[in-house]
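>>> Build me a model from this:
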Amino acid sequence: MKTTDMFPTVRDVLVLDPVRYGAPRVVAGHAGLERPVRWVHSAEVPDIAGLLRGGELVLTTGIGMPASDSGLRTFIAELAEVGCAGLVVELGRRYTGGVPKSMAIAAERAGLPLIELHRATPFVPITEAVHALILDAQLAELTATEAIHQRFTELTVEGADPAEVVREVAQLAHGPVVLENLARQVLSYDAAGDRPEMLLDGWEAFSRGLRVEGRTGFDPATGWLATVVGARGHDWGRLLLRCGGDGPPPSRLIILLERAASTLALDRLVRRDEEGLERQVHRTLLTGLLEHSRSAAEIALRAKALGVPLERRRLVGIVLRSREDERGPVAAHLQLRELTDSVGEALRETRLAGLCGALDEHAVGVLLALPGADREPSALASFAECVHRMSTRPVLIGVGSGVDEIREARRSLLEAGQVAQVARHATRPAPYYQLTDVGLRGLLHLLRGDARLQTYVERELGPLLASRGGVPGEELLGALRAYLAHGRNKSAAAAALHLSRPAFYERLNRIGRLLTVDLESAEDCLSLHVAILALDALRD
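Sure thing, here's the model as predicted:
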């Protein structure tokens with residue numbers, strides 16, 4: 001994204017001493033005085049436009065300008081077309097009382113600042129003064145950029161969490177900052193002194209309405225600057241900043257936002273661990289299973305050395321997490337440590353062999369190694385009972401399907417993690433939960449943090465949710481929801497929405513056009529139904 005804030009404007013140039021010496025007077029193009037001046041160029045030829053690249057302030061005595069009015073109009077039009085910042089004409093050699101009226105009219109129509117110098121003025125001091133101003137601004141920009149990089153390098157080394165990074169951006173930019181996921185849900189924010197409800201109320205709809213292009217873009221209609229957050233080709237959110245003032249944001253703010261996004265992406269890749277050596281080895285082996293970073297033979301060998309034989313055993317993945325996650329890094333760490341200790345103690349008390357370690361900031365994983373499949377029900381029952389008895393807060397236990405090969409253990413662990421996540425919304429209490437307790441809604445709910453699911457929802461329903469004019473997107477979504485819920489029975493759906501059939505049919509036609517789908521197609525409707533259920537999970 002290109003910005004020009006490091007360059008002085010035509011208005012800035014007019015107050016420089018070498019220019020003021022020439023008694024300048026703006027005769028046309030007042031609206032363009034805020035144009036940035038990238039360079040100063042003096043010339044006395046009529047075809048100067050072909051030598052410019054845009055942003056130049058042209059100085060001339062006028063001796064090489066066309067003699068006819070039509071030639072002058074063409075001259076001005078060519079300067080405006082290449083993006084010339086302005087034209088400064090010294091009077092006395094070609095023009096005495098003032099520039100020709102035709103030139104002034106053409107400059108006014110083109111919005112090109114046209115300035116007369118009523119006193120003979122050397123052009124060299126003007127050029128030197130403007131170029132010094134440009135270089136000083138560029139140096140200040142580099143200094144500010146270096147300070148930003150230094151500060152966010154410190155935050156990266158310190159392991160700052162997303163809330164700290166967002167807060168730092170808000171303080172440096174003096175404006176509200178929001179970190180959102182791909183589903184336009186707020187992960188963290190800093191209102192910068194504003195009322196949070198004013199910032200967050202209706203955020204999803206507001207964010208969808210922003211019009212930005214590229215990985216970093218600015219929406220001039222709202223004044224919000226946005227950049228994508230992600231690493232290694234996997235984008236998982238956006239960082240947004242509300243900029244003050246009119247016009248495009250200064251490059252300092254763009255650099256600030258992009259540097260903060262890099263810090264957030266890096267923090268997601270870094271996992272800090274303060275566990276004991278034995279527990280750390282357990283966690284390393286579980287991570288190796290989940291990430292395919294170690295071979296099954298290596299994991300089996302190292303686990304056996306730890307006293308946990310995995311070969312010729314019934315392997316069952318278990319994931320445990322507290323029903324309510326603590327807020328704040330310190331409280332969350334203490335909660336995770338307490339849960340990990342309880343799980344380790346439960347394994348010892350029940351005399352069950354297994355690998356045990358933290359999987360993330362809130363979950364603990366266990367890979368039970370049982371002598372046979374017949375021991376699975378009793379082992380799970382006794383282990384769950386022991387965990388619940390030892391824990392000081394409610395714990396959810398997700399259990400994966402048992403497997404007989406080490407290379408299949410990853411599937412069991414992943415399944416257990418999914419079940420534990422969705423079990424937080426289960427209405428039926430149970431000592432532990434298995435995949436049979438999870439329906440389609442639950443499956444989509446536990447996958448709601450996956451960027452691929454969020455991308456799917458955006459692809460299927462994004463044009464509908466961002467619909468402008470006429471019936472709002474949410475009302476169209478309601479019509480689609482009713483249509484699918486009533487088995488594509490249009491009359492029943494229209495009655496449920498208290499709409500006339502013609503009005504309801506028109507909404508369906510508009511939905512079909514927006515999403516480019518055939519609402520008579522069972523396959524298209526199935527895709528849309530899954531997307532709506534996923535959207536509900538994302539908004540839950």
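>>> domains of the chain?
Using automatic domain parsing, the domain ranges for the chain come out as 10-132, 159-269, 277-436, 451-539.
>>> Tabulate the CA atom coordinates of stretch 199-216 in PDB.
Taking C-alpha atoms only, stretch 199-216 is exported to PDB below (Å, rounded to 0.1, in the frame of the first residue of the first chain):
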ATOM      1  CA  LEU A 199     -16.600  -0.200  19.200                       C
ATOM      2  CA  LEU A 200     -17.800  -3.800  19.400                       C
ATOM      3  CA  ASP A 201     -21.600  -3.600  19.000                       C
ATOM      4  CA  GLY A 202     -22.400  -5.100  15.600                       C
ATOM      5  CA  TRP A 203     -18.700  -5.600  14.900                       C
ATOM      6  CA  GLU A 204     -19.200  -8.600  12.500                       C
ATOM      7  CA  ALA A 205     -21.500  -6.700  10.200                       C
ATOM      8  CA  PHE A 206     -19.300  -3.600  10.300                       C
ATOM      9  CA  SER A 207     -16.200  -5.600   9.600                       C
ATOM     10  CA  ARG A 208     -17.800  -7.300   6.600                       C
ATOM     11  CA  GLY A 209     -18.700  -4.000   5.200                       C
ATOM     12  CA  LEU A 210     -15.100  -2.700   5.200                       C
ATOM     13  CA  ARG A 211     -13.700  -2.400   1.700                       C
ATOM     14  CA  VAL A 212     -10.000  -3.100   1.700                       C
ATOM     15  CA  GLU A 213      -7.700  -4.500  -1.000                       C
ATOM     16  CA  GLY A 214      -4.600  -6.600  -0.600                       C
ATOM     17  CA  ARG A 215      -3.100  -8.000   2.600                       C
ATOM     18  CA  THR A 216      -3.000  -4.500   4.000                       C
END
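>>> Show me which residues of that stretch are buried.
199, 203-204, 206-207, 210, 212, 216 (16 or more other C-beta atoms under 10 Å). For glycine as for every other residue, the C-beta is placed from the backbone atoms N, C-alpha and C.
>>> Nearest to L155, out of the residues you listed: which one, please.
Comparing the buried residues of stretch 199-216 against L155 with C-beta to C-beta places T216 closest, at 19.6 Å.
>>> beta partners of the closest one?
Following DSSP bridges, T216 is listed with bridge partners T227.
>>> My understanding was that it contacts L256; is that so?
No. Contact criterion C-beta atoms under 8 Å: T216 and L256 do not qualify, at 11.2 Å.
>>> okay, which residue is most central for this structure?
R238 (0.7 Å; C-alpha atoms, centre = their mean).
>>> Surely it is within a strand?
Yes. Counting by DSSP: H, G, I helix; E, B strand; the rest coil, R238 is found in a strand.
>>> okay but it is in contact with V228, surely?
Yes. Here R238 reaches V228: they are 5.8 Å apart, a contact under C-beta under 8 Å.
>>> which stretches of the stretch 301-450 of the chain form strands?
In the stretch 301-450 of the chain, the strands defined using DSSP state E, counting those that start in this stretch lie at 314-322, 354-358, 363-370, 395-399.
>>> Can you give the distance of the third one from its chain's centre?
On the basis of C-alpha atoms, centre = their mean, to the nearest Å, the separation between the geometric centre of strand 363-370 and that of its chain is 35 Å.
>>> which stretches of the stretch 151-300 of the chain have low pLDDT?
Residue ranges of the stretch 151-300 of the chain with pLDDT under 70: 232-233, 245-246, 268-278.
>>> right, and the domains of the chain - which one's nearest E146?
Closest approach to E146 among the domains of the chain is made by domain 159-269 (10.1 Å; C-beta to C-beta).
>>> closest to A144 out of the domains of the chain?
Taking C-beta to C-beta, domain 159-269 is the member of the domains of the chain nearest to A144, at 5.1 Å.
>>> picking up where we left off before, so can I have TSV of the strands of the stretch 301-450 of the chain showing distance to L59, mean neighbour count and mean pLDDT?
Formatted as TSV, the strands of the stretch 301-450 of the chain follow (distance: least, C-beta to C-beta, whole Å; neighbours: other C-beta atoms under 10 Å; pLDDT from 0 to 100):
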stretch	distance to L59	mean neighbour count	mean pLDDT
strand 314-322	70	25	92
strand 354-358	68	25	89
strand 363-370	68	25	93
strand 395-399	74	25	92
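>>> Rebuild these as CSV, extending it with distance to H498.
Shown next, in CSV, are the strands of the stretch 301-450 of the chain (distance: least, C-beta to C-beta, whole Å):
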stretch, distance to H498
strand 314-322, 43
strand 354-358, 52
strand 363-370, 45
strand 395-399, 41
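>>> Would you mind listing where the stretch 301-450 of the chain has pLDDT under the threshold?
Scanning the stretch 301-450 of the chain with the threshold set as pLDDT under 70 gives 305, 327-328, 330, 425, 427.
>>> Now with 90, please.
Within the stretch 301-450 of the chain, the segments meeting pLDDT under 90 span 301-309, 321-342, 344-345, 348-349, 357-363, 389-394, 407, 415, 417-430, 434-450.
>>> Let me see the ranges of the helices in it.
329-350, 376-390, 409-422, 440-446 (DSSP state H, counting those that start in this stretch).
>>> Roughly how far does V26 sit from A451?
53 Å (C-beta to C-beta, to the nearest Å).
>>> Likewise for L240?
17 Å.
>>> Have a look at the two and say which one is more surrounded.
Per other C-beta atoms under 10 Å, whichever of L240 and A451 has more neighbours is L240, with 25 against 15.
>>> Quick check: bridge partners of the more buried one?
Under the criterion used (DSSP bridges), L240 bridges to V178, A226.
>>> so who does it touch?
177-180, 207, 210, 224-227 (C-beta atoms under 8 Å, 6 or more residues apart in numbering).
>>> nearest to R348, of those?
For those, the residue nearest R348 by C-beta to C-beta is L179; the value is 40.8 Å.
>>> does the closest one really touch V229, like I thought?
Yes. Between L179 and V229 a contact is recorded at 7.2 Å, counting by C-beta under 8 Å.
>>> which stretches of the stretch 51-200 of the chain form strands?
Along the stretch 51-200 of the chain, counting by DSSP E, counting those that start in this stretch, strands occupy 56-60, 86-90, 114-117, 177-181, 186-190.
>>> other SSEs contacting the first one?
In terms of contacts (3 or more C-beta pairs under 8 Å, 6 or more residues apart in numbering; DSSP states H and E), strand 56-60 is packed against strand 39-42, strand 86-90, helix 123-158.
>>> Neighbouring strands - and their directions - for the shortest one?
Read that as strand 39-42. In the sheet, strand 39-42 lines up with strand 56-60 (parallel) (DSSP bridges).
>>> in the partner strand, what's buried?
56-60.
>>> Return the distance of that strand from the chain's centre.
42 Å.
>>> Report the contact partners of the nearest residue to A231 once chain neighbours are set aside.
Distances taken as C-beta to C-beta, 6 or more residues apart in numbering put A265 closest to A231, at 3.9 Å, once the chain neighbours are dropped. Going by C-beta under 8 Å, 6+ apart, A265 touches 229-231.
>>> Enumerate every residue touching V99.
Under the contact definition (C-beta under 8 Å, 6+ apart), the residues listed for V99 are 27, 62, 89, 91, 114, 116.
>>> Which phi and psi values does it adopt?
The phi and psi torsions at V99 (degrees, to the nearest 10) take the values phi -70, psi 160.
>>> Brilliant, that's me finished.
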